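*Asks:* The sequence isn't on hand, but the structure is:
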């Protein structure tokens with residue numbers, strides 16, 4: 001990786017990741033999916049100029065999609081990939097720091113987006129490339145997904161938009177949230193259920209309602225979402241470290257709470273993340289005992305989501321050569337990722353955070 005113009009506030013290297021899951025899986029058609037997705041992006045003119053296009057493609061949304069879903073139907077995977085390029089364009093707008101992108105604007109756009117997903121002919125978004133491409137995605141999604149899958153997808157999108165609106169509101173107020181508030185609401189913006197719905201669609205999985213909404217599996221899904229969110233806060237930290245007020249992420253929440261520097265907050269963030277990973281591994285093992293094929297499929301999908309996100313983020317120029325340091329993304333920019341053999345915090349009791357502690361009850365019940 002080319003040395004950045006200014007160093008990271010987190011230190012010279014990222015901490016080691018405790019991730020005792022199968023790693024480095026990739027869908028065999030990943031290259032073709034990426035080529036076709038980029039053709040779709042260009043056909044709709046999703047990015048207004050070559051510079052914005054370069055940064056949009058630096059998200060490596062195809063790599064994300066093909067690592068968290070390393071097998072399954074190519075056409076469904078392609079549609080999910082195109083959704084991710086589109087969603088990352090929205091995410092960049094939300095995180096731009098522009099005075100025009102306040103909490104009100106994020107909420108207004110989110111509501112109109114949700115109504116368009118439910119009714120692509122609603123005509124509640126302004127004319128333009130983003131709207132035309134969105135309508136194309138929605139129409140094809142309606143044709144591909146069952147009614148129940150479409151409802152799950154809409155719920156996952158609502159999670160993402162609610163989380164983004166909450167973060168925007170806190171940033172606009174100029175106040176860093178407390179740790180319990182953050183772990184309860186911050187990871188929503190990650191869109192875990194958005195992605196896991198597509199994982200089932202691509203793999204042809206049809207888990208029954210009773211399984212999908214089982215409280216223990218719900219807790220495991222939320223734990224996976226927290227881990228992915230925490231990892232993203234580490235990989236993406238440099239990308240947003242120029243913002244004022246400071247970006248709302250796990251590192252900055254700890255730094256604010258402990259009155260310390262971001263570098264000093266990293267071990268605290270990693271310890272909480274590892275503690276949840278320990279819970280994830282234990283609860284997953286408990287659920288796997290005597291699990292039928294449908295539950296085993298759900299567990300594997302969550303594993304791919306957690307491990308695949310690490311592999312994707314380490315390779316994405318969006319994070320490894322961030323825009324606040326580079327005029328254009330560095331194509332071969334990479335993070336050197338180290339994996340830990342043991343968690344930095346191996347405690348098995350729940351943390352003193354009510355928003356997380358309920359997950360541990362499913363080890364007892």
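*Replies:* Structure received. What you are looking at is a predicted structure, and each value in this text was computed from that prediction instead of being measured.
*Asks:* Show me the shaky parts of the stretch 201-350 of the chain.
*Replies:* Regions of the stretch 201-350 of the chain meeting the criterion pLDDT under 70 are absent.
*Asks:* so how far is residue 224 from residue 355?
*Replies:* Using C-beta to C-beta, to the nearest Å, we find residue 355 at a distance of 16 Å from residue 224. To be clear about C-beta, it is placed using only N, CA and C from the backbone, and glycine gets the same treatment.
*Asks:* do the same with residue 259
*Replies:* From residue 259 across to residue 224, the span is 31 Å (C-beta to C-beta).
*Asks:* who's more crowded, the two?
*Replies:* Neighbours per residue, other C-beta atoms under 10 Å: of residue 259 and residue 224, the larger number sits with residue 224, 25 against 8.
*Asks:* can you pull the contacts of the more buried one?
*Replies:* Remark: with contacts taken as C-beta atoms under 8 Å, 6 or more residues apart in numbering, residue 224 is in contact with 192, 280, 302, 305, 306.
*Asks:* just checking, the third one touches residue 218?
*Replies:* It stands for residue 302. No - the pair residue 302 and residue 218 does not pass the contact test of C-beta atoms under 8 Å, sitting 11.4 Å apart.
*Asks:* Comparing those two, which residue is more hemmed in?
*Replies:* Taking residue 302 and residue 218 together and counting by other C-beta under 10 Å, residue 302 has the greater number of neighbours (24 against 14).
*Asks:* who does the helix or strand hosting the more buried one touch, helix- and strand-wise?
*Replies:* In this assignment (DSSP states H and E), residue 302 forms part of helix 293-315. In terms of contacts (3 or more C-beta pairs under 8 Å, 6 or more residues apart in numbering; DSSP states H and E), helix 293-315 is packed against helix 61-68, helix 192-203, helix 209-212, helix 215-235, helix 262-288.
*Asks:* Just the buried positions in it, please.
*Replies:* In terms of neighbour count (16 or more other C-beta atoms under 10 Å), helix 293-315 has its buried residues at 295, 297-315.
*Asks:* Can you name the residues in contact with the following helix or strand past it?
*Replies:* Secondary structure here is assigned by DSSP H and E; on that basis, the next helix or strand after helix 293-315 toward the C-terminus is helix 317-320. Applying C-beta under 8 Å, 6+ apart, the external contacts of helix 317-320 come out as 1, 55, 58-60, 88, 235-236, 238-239, 313-314, 329-331, 333-335.
*Asks:* Please convert the buried members of the residues you listed into PyMOL selection syntax.
*Replies:* Filtering these down to the buried ones (16+ other C-beta under 10 Å) takes a single PyMOL command:
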select buried, resi 55+58+59+60+88+235+236+238+239+313+314+329+330+333+335
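*Asks:* Just put the helices and strands packed on helix 293-315 in CSV and tack on distance to residue 149.
*Replies:* Supplementary listing: these in CSV, determined by distance: least, C-beta to C-beta, whole Å:
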stretch, distance to residue 149
helix 61-68, 17
helix 192-203, 6
helix 209-212, 11
helix 215-235, 16
helix 262-288, 22
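*Asks:* Out of those helices, which one sits most buried?
*Replies:* Of all the helices and strands packed on helix 293-315, helix 61-68 carries the top mean neighbour count, a mean of 26, counting by mean count of other C-beta atoms under 10 Å.
*Asks:* other SSEs contacting that one?
*Replies:* Helix 61-68 makes packing contacts with helix 30-43, helix 74-94, helix 192-203, helix 293-315 when contacts are defined by 3+ C-beta pairs under 8 Å, 6+ apart.
*Asks:* of those, which approaches residue 104 most closely?
*Replies:* Shortest separation from residue 104 across those is recorded for helix 74-94, at 12.4 Å, computed as C-beta to C-beta.
*Asks:* outside of stretch 296-311, which residues touch it?
*Replies:* Contacts with stretch 296-311, where a contact means C-beta under 8 Å, 6+ apart, come from 17, 19, 21-25, 64, 67-70, 192, 195-196, 199-200, 203, 205, 207, 211-212, 217, 220-221, 224, 227-228, 231-232, 280, 284, 287-288, 291, 337.
*Asks:* try it again with 7 Å
*Replies:* 17, 19, 21-25, 67-70, 195-196, 199, 203, 205, 207, 211, 217, 220-221, 224, 227-228, 231, 284, 287-288, 291, 337 (C-beta atoms under 7 Å, 6 or more residues apart in numbering).
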